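A.B. asks: coords please:
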Amino acid sequence: MSVHPSSGPLFTVPLGASVHELPQRPGPFFGIMPAGPRVTIRDLAAAKTAHVTWPMITAYDALTARVFDEAGIPVILVGDSAAMVVYGYDSTIPVTVDELLPLVRGVSRGATRSLIVGDLPFGSYQASPAQALDTAARFMKEGGAHAVKVEGGASVLPQVEAMVAAGIPVMGHLGLTPQSVNQFGGYRVQGRGEAGQVLVNDAKALEAAGAFAIVLEVVPADLAREVTAALSIPTIGIGAGAECDAQVLVWQDLAGLTPGRPAKFVRQYANLTGVLTDAVSAWGADVVSGAYPSEENSYS
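C.D. replies: Residues are numbered from 1 along each chain as shown. The predicted model follows:
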């Protein structure tokens with residue numbers, strides 16, 4: 001998942017509003033009615049049947065996971081985008097299993113109702129079905145994930161089949177797959193022309209292999225609509241138009257923390273960079289002036 005989706009606002013949060021002041025939502029987990037205390041892949045399948053569109057968001061720590069969980073986000077992705085937003089790499093490629101697992105653990109502890117999906121990083125599943133199964137098992141056993149995500153189509157079908165056969169829910173990822181950015185020659189729209197039919201075929205093959213959902217990243221909206229109609233499993237769009245079954249964003253993109261110009265498909269719902277800058281600047285000035293700590297911040 002790159003740091004680069006939404007077709008429109010789910011709700012607008014007034015600056016400084018508490019969770020109790022948020023506008024009414026269309027029901028638990030944005031219309032998804034879980035059969036149990038936590039959202040499952042069966043609930044997501046039922047949402048597609050009921051034509052309920054739902055949000056998925058990234059998280060990398062317990063505190064933000066708790067906020068998103070309490071806001072009713074049904075699916076939280078611990079994305080390999082942590083490579084950039086947590087570890088400061090320039091792409092998703094360098095991040096390792098050992099770097100991601102602590103983040104998955106934190107998110108799984110912070111969220112008590114959302115479905116947690118762990119992104120398998122580059123080099124941790126491509127070699128063989130056995131490697132994929134070993135890595136996915138670590139994400140489930142050590143990280144507490146409820147599902148994993150892999151990038152690619154025909155090349156990863158044996159891996160998907162092996163993980164699903166072992167009881168591990170697998171989310172696919174097609175289109176702009178950031179782990180292949182060097183092969184693509186940059187972050188470019190995928191699936192135009194004849195490549196569109198290849199993507200459709202890969203999506204159908206992933207569904208046949210047992211994937212429970214597929215992320216479609218930076219593909220033409222018409223192609224995403226075709227794939228969504230062709231599958232019985234949910235599609236999750238990021239730069240794929242408004243007619244996917246769900247949408248996903250990197251939370252720092254949504255909240256205005258990611259530096260630089262946002263990608264075309266990103267809509268910023270807050271400016272946390274400005275909020276944090278103002279807060280830290282005000283605190284620093286109070287330290288210098290002696291206004292902080294005051295008597296009320298001190299112990300007798």
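A.B. asks: Pull the number of nearby residues for Val218.
C.D. replies: Applying other Cβ atoms under 10 Å, we find 25 other residues in the vicinity of Val218. Quick note: C-beta positions are derived from backbone N, CA and C, even for glycine.
A.B. asks: In contact with it: list those residues for me.
C.D. replies: By Cβ atoms under 8 Å, 6 or more residues apart in numbering, the residues touching Val218 are His4, Gly175, Leu176, Tyr187, Arg188, Val189, Gln190, Ile238, Gly239, Ala240, Phe265.
A.B. asks: so where do the helices sit in the stretch 101-250 of the chain?
C.D. replies: 129-141, 157-165, 181-184, 195-209, 221-230 (DSSP state H, counting those that start in this stretch).
A.B. asks: Include mean pLDDT when you put the ones you listed into JSON lines, please.
C.D. replies: Shown next, in JSON lines, are the helices of the stretch 101-250 of the chain (pLDDT from 0 to 100):
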{"stretch": "helix 129-141", "mean pLDDT": "98"}
{"stretch": "helix 157-165", "mean pLDDT": "98"}
{"stretch": "helix 181-184", "mean pLDDT": "65"}
{"stretch": "helix 195-209", "mean pLDDT": "97"}
{"stretch": "helix 221-230", "mean pLDDT": "97"}
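A.B. asks: Serialize these to TSV and add fields for distance to Asp69 and mean neighbour count.
C.D. replies: Below are the helices of the stretch 101-250 of the chain laid out as TSV (distance: least, Cβ to Cβ, whole Å; neighbours: other Cβ atoms under 10 Å):
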stretch	distance to Asp69	mean neighbour count
helix 129-141	19	19
helix 157-165	25	20
helix 181-184	31	12
helix 195-209	28	18
helix 221-230	26	19
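A.B. asks: What segments of this structure are strands?
C.D. replies: Along the chain, counting by DSSP state E, strands occupy 54-58, 75-78, 115-119, 147-149, 170-175, 213-217, 235-238, 246-249.
A.B. asks: Tabulate those strands (CSV), appending distance to Lys48 and mean pLDDT.
C.D. replies: Output for the strands of the chain, formatted as CSV (distance: least, Cβ to Cβ, whole Å; pLDDT from 0 to 100):
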stretch, distance to Lys48, mean pLDDT
strand 54-58, 9, 98
strand 75-78, 13, 98
strand 115-119, 14, 98
strand 147-149, 16, 98
strand 170-175, 14, 97
strand 213-217, 9, 97
strand 235-238, 9, 98
strand 246-249, 9, 98
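A.B. asks: still on that earlier bit, are any of the contacts of Val218 buried, and which?
C.D. replies: His4, Gly175, Leu176, Tyr187, Val189, Gln190, Ile238, Gly239, Ala240, Phe265 (16 or more other Cβ atoms under 10 Å).
A.B. asks: from those, which is closest to Ala205?
C.D. replies: The closest of these to Ala205 turns out to be Gly175 (Cβ to Cβ; 14.8 Å).
A.B. asks: what's across from that closest one in the sheet?
C.D. replies: Taking DSSP bridges as the rule, Gly175 bridges to Glu217.
A.B. asks: Might you report the residue contacts of Pro129?
C.D. replies: Pro158, Gln159, Glu161, Ala162, Met163.
A.B. asks: Please report how far the second one lies from Pro220.
C.D. replies: Okay, so that is Gln159. 27 Å (Cβ to Cβ, to the nearest Å).
A.B. asks: quick one on the thing from earlier: between the helices of the stretch 101-250 of the chain, which one is closest to Pro102.
C.D. replies: Per Cβ to Cβ, nearest to Pro102 of the helices of the stretch 101-250 of the chain: helix 129-141, 11.7 Å.
A.B. asks: got a pLDDT number for the nearest residue to Gly191 once chain neighbours are set aside?
C.D. replies: Spatial nearest neighbour of Gly191, chain neighbours left out: Val219 (4.1 Å); criterion: Cβ to Cβ, 6 or more residues apart in numbering. Looking at Val219, its pLDDT reads 95.
A.B. asks: same thing with His4?
C.D. replies: The score at His4 is 42. That number is its pLDDT.
A.B. asks: for this structure, which helix is longest?
C.D. replies: Counting residues, the longest helix in the chain under DSSP state H turns out to be helix 272-289.
A.B. asks: Buried residues in it, which are they?
C.D. replies: Those would be Leu272, for helix 272-289 by 16+ other Cβ under 10 Å.
A.B. asks: who touches it?
C.D. replies: Outside helix 272-289, the residues that touch it by Cβ under 8 Å, 6+ apart are Leu15, Ala255, Gly256, Leu257, Pro259, Ala291, Tyr292.
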